[in-house]
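Visitor: Build me a structure from this.
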Amino acid sequence: MKLNSNISYIPVKKASNILEHFIVHNRRLSYEAIHIRDSYKRVLAENIISTLDIPAVDSSHMDGYAVKAGDIIHASKQRPAILNLRKDQIRPKGKASLRYALQKQEAYRIVTGGYLPKGADTVVPVEETQSVDKKNEVRVMTALPKGYFVYPKGRDLKKGHGVMKSGRILRPQDIALLNSLYISKVKVFKRPNVAIISTGSELTNNPKDVKSGKVLDTHSNIISKLVEEMGGLPYRMGIIPDDATKIRNKIENAISQSMDLILTLGGSSVGEYDLVDAAINSMGTPKIFFHGIKLDRGRVTGVAISKGKPVIIMPGPIQGAINAFIIFAYPIIKLLSGQKKGKPLTVDAIMSQGWHARKKYPNFTKIVYVNLRIKENRENEAEYITGETETLTTFTKSNGYVIVDERTTHIKAGEKVKVNLLPGLSYVSDQVEIP
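Guide: I've put the predicted structure just below:
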């Protein structure tokens, strides 16, 4: 299928808005109830309301003695307050201490996290006391105010209060809190199924074929891992030769397997023979279709909604493919996984050297890959990484990227930029080397 070389490229922002608007208004999110132990990194599909107070009763912050503040109001090293020590053994959290009401001039031995008996309102640390075992007494050497070293009932969470909202990505600490509420199962959104289709007669998965002129399909594995990091379930559907009918059959196969998003790699050119374009159009008129984006690199990216499923036509060269993934696939996967519209984390940094847009596409949106590092003054510094469209070391040397708008053609050395950190693509060690 020969395309007109006089292509009109659609701006990145306009293309993104059209696609995201369609996804938001047409997505059908489903959820599943899973055991809490399997919920790490899953997206919560319900609001969680606390059914109890945490802690359930007043608890101790220290190993020591639960007392009444009024009994030690005049205590000092010179004149310690002498209290009768309950004979009960030290007890962990539990109902044992709750069954007893502390009497006047009594002390109750307690451990960190232990529940205070009724009537106790203060905890005296062990180091502020002296015990007299034979007399079953304890001497308090310091006057402490009411509530000292007491963790009040409901301080962390109160019964009936909101804990977490739907759309939250569950972290280890979130799971621990749910466990403390005795929640064993939780509703989470099902992860979107993402098909990845590599096109190109030159591609192979067998390293031995390289000697005969084939090219290893490494790019689909990169995209697969990025999909996984975003919360999707990647399905690598193999390599399809340069044949529009076979490409169409593979896309239709992906749709029949209930894939939520289809990503094609390669077979996309504007103004030349475009096999993926031909395959999609042969399936019927797409709901949405645009091919040719004002994105450098990645201008041959295409987006379609075919038979109700979003299809991202990604360039074969790795930089164009990842650029297309960042702009289109990333937000779609977020939306299909039940998350709200989100953007990658950004940090401010200073450009270490001047950058200029390529002369060929200066009025396109540009993605500049950078190496983010920390200077001696703890200021973030970004060094841009150059490379051709097929250069993998552009990504191995970088750990973030800067999105440059259509109107900006250069960035001065020392200028502040916002560096995007995308999970999987970006990794900033907690021991960043200082240059």
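Visitor: give the contact list for residue 151.
Guide: Shown in contact with residue 151 (CB atoms under 8 Å, 6 or more residues apart in numbering): 55, 58, 59, 60, 61. No exception for glycine: its C-beta is placed from N, CA and C like everyone else's.
Visitor: looking at the residues you listed, which has the most residues close by?
Guide: residue 60 (26 neighbours; other CB atoms under 10 Å).
Visitor: after the helix or strand harbouring residue 84 comes which helix or strand?
Guide: Here residue 84, judged by DSSP states H and E, is contained in strand 81-85. Along the chain past strand 81-85, the next helix or strand (assigned with DSSP H and E) turns out to be strand 106-110.
Visitor: packing partners for the helix or strand following that next one?
Guide: Counting by DSSP H and E, the next helix or strand C-terminal to strand 106-110 is strand 122-125. For strand 122-125, the packing partners by 3 or more CB pairs under 8 Å, 6 or more residues apart in numbering; DSSP states H and E come out as strand 64-67.
Visitor: which outside residues touch the strand it packs on?
Guide: Under CB under 8 Å, 6+ apart, the answer for strand 64-67 is 60, 83, 85, 97, 102, 106-110, 116-117, 120, 122-126, 128-129, 138, 140, 149.
Visitor: May I see the PyMOL selection of the buried members of those residues?
Guide: Buried members of the contacts of strand 64-67, defined by 16 or more other CB atoms under 10 Å, are picked up in PyMOL with:
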select buried, resi 60+83+85+97+102+106+107+108+109+110+116+117+120+122+123+124+125+128+129+138+140+149
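Visitor: what bits of the stretch 151-300 of the chain have low per-residue confidence?
Guide: 268-273 (pLDDT under 70).
Visitor: Please enumerate the strands of it.
Guide: Counting by DSSP state E, counting those that start in this stretch, one finds strands in the stretch 151-300 of the chain at the ranges 162-164, 185-189, 193-199, 203-204, 215-216, 233-240, 261-265, 288-291, 295-296.
Visitor: Ok, which of those strands comes nearest residue 332?
Guide: Smallest distance to residue 332 across the strands of the stretch 151-300 of the chain (CB to CB): 5.7 Å, for strand 261-265.
Visitor: Show residues contacting the closest one.
Guide: 192-199, 219-220, 223, 227, 232, 247, 251, 254-255, 276, 309-316, 321, 325, 329, 332-333, 336.
Visitor: Rank the contacts of residue 151 by pLDDT and give me only the lowest.
Guide: On pLDDT alone, residue 55 ranks lowest of the contacts of residue 151, at 87.
Visitor: what is residue 115 paired to in the beta sheet?
Guide: With DSSP bridges applied, residue 115 shows beta-bridge pairing to residue 59.
Visitor: That one contacts residue 102, doesn't it?
Guide: No - in this structure, residue 115 is not within contact of residue 102 by CB atoms under 8 Å, at 12.0 Å.
Visitor: what's the first-to-last distance across stretch 381-399?
Guide: Terminal residues of stretch 381-399 lie 12 Å apart, using CA to CA, to the nearest Å.
Visitor: Contacts for it, please.
Guide: 218, 297, 315, 317-320, 322, 349-353, 355, 368-375, 400, 402, 417, 419, 421, 425-428, 435.
Visitor: go with 7 Å
Guide: 297, 317-320, 349-353, 355, 368-373, 375, 402, 417, 419, 426-428 (CB atoms under 7 Å, 6 or more residues apart in numbering).
Visitor: Now it: average pLDDT?
Guide: 90.
Visitor: and it, how far out from the chain's middle?
Guide: 23 Å (CA atoms, centre = their mean, to the nearest Å).
Visitor: cool, stretch 217-229 as well?
Guide: For stretch 217-229, the distance to the chain centre is 17 Å (CA atoms, centre = their mean).
Visitor: Restrict it to CA atoms and write it as CSV.
Guide: Output in CSV follows, covering the C-alpha atoms of stretch 217-229 (Å, rounded to 0.1, in the frame of the first residue of the first chain):
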residue,chain,number,x,y,z
ASP,A,217,14.2,-9.6,18.0
THR,A,218,15.4,-7.9,21.1
HIS,A,219,13.0,-5.0,21.1
SER,A,220,9.8,-7.0,21.9
ASN,A,221,11.4,-8.2,25.1
ILE,A,222,12.2,-4.6,26.1
ILE,A,223,8.6,-3.6,25.5
SER,A,224,7.3,-6.7,27.3
LYS,A,225,9.2,-5.8,30.4
LEU,A,226,8.0,-2.2,30.3
VAL,A,227,4.4,-3.4,30.0
GLU,A,228,4.9,-5.6,33.0
GLU,A,229,6.3,-2.6,35.0
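Visitor: pull the longest helix from the protein.
Guide: The longest helix of the chain (DSSP state H) is helix 12-26.
Visitor: Could you identify the helix or strand that succeeds that helix?
Guide: Next element after helix 12-26 (DSSP H and E): strand 31-35.
Visitor: Could you tell me which strand of the protein is the longest one?
Guide: Once the chain is assigned using DSSP state E, the strand that runs over the most residues is strand 365-374.
Visitor: Next, the angle from that one to helix 12-26.
Guide: 90 degrees (axes from the mean of the first three to the mean of the last three CA atoms, to 10 degrees).
Visitor: what about residue 222, distance to residue 151?
Guide: Look at residue 222 and residue 151: by CB to CB, to the nearest Å, they are 48 Å apart.
Visitor: Next: residue 297.
Guide: For residue 297 relative to residue 151 (CB to CB), the value is 56 Å.
Visitor: Can you report how many residues neighbour the nearest residue to residue 415 once chain neighbours are set aside?
Guide: Closest residue in space to residue 415, ignoring its immediate chain neighbours: residue 351 at 5.2 Å, by CB to CB, 6 or more residues apart in numbering. With neighbours defined by other CB under 10 Å, the count for residue 351 comes to 21.
Visitor: same check, this time on the one 4 residues further on
Guide: Residues lying near residue 355 (other CB under 10 Å) number 23.
Visitor: follow-up on the earlier one: the residue nearest to residue 415 pairs with what?
Guide: According to DSSP bridges, beta-bridge pairing links residue 351 with residue 382.
Visitor: need the contact list for it.
Guide: For residue 351, the contacting residues are 382, 411, 413, 414, 415, 417, by CB under 7 Å, 6+ apart.
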